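Colleague: Below are the sequence and a predicted model for it; my questions follow.
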Amino acid sequence: MNLYALAKSDYLKLLPILVLAFYIAFIPHQNYPYPVHIDEWIDLAYFQALIKAANITFPNPWYGGEAT
């Protein structure tokens, strides 16, 4: 594929769209002191505890024995 055909292709049209999408996804993380939001880690811990318990009531992953 020659350079002219590559420049004419849809790949170059897709590049600014991808850059904009990544920037929009990054906006909530700009002024946050941690690399990811802490609520994402909390939800991940709850989902892992739910899967491990295989039941709708499971021990709280942060405090131990309390059923959530």
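Modeller: On my side now, so go ahead.
Colleague: in which helix or strand would I find residue 40?
Modeller: Counting by DSSP states H and E, the element that carries residue 40 is helix 38-53.
Colleague: Show me how far the helix or strand following that helix is from its chain's centre.
Modeller: Proceeding C-terminally, helix 38-53 gives way to strand 59-60 as the next helix or strand, assigned by DSSP H and E. Taking the mean of its C-alpha atoms, strand 59-60 sits 24 Å from the chain's own mean (Cα atoms, centre = their mean, to the nearest Å).
Colleague: Describe which strands strand 59-60 pairs with in its sheet and in which direction.
Modeller: Taking DSSP bridges as the criterion, strand 59-60 sits next to strand 64-67 (antiparallel) in its sheet.
Colleague: And for the helix holding residue 40, what's in contact with it?
Modeller: By Cβ atoms under 8 Å, 6 or more residues apart in numbering, the residues outside helix 38-53 that reach it are 56, 58, 59, 60, 61, 62, 68. For every residue, glycine as well, the C-beta is placed using N, CA and C.
Colleague: That one - what's its average pLDDT?
Modeller: Average pLDDT, helix 38-53: 83.
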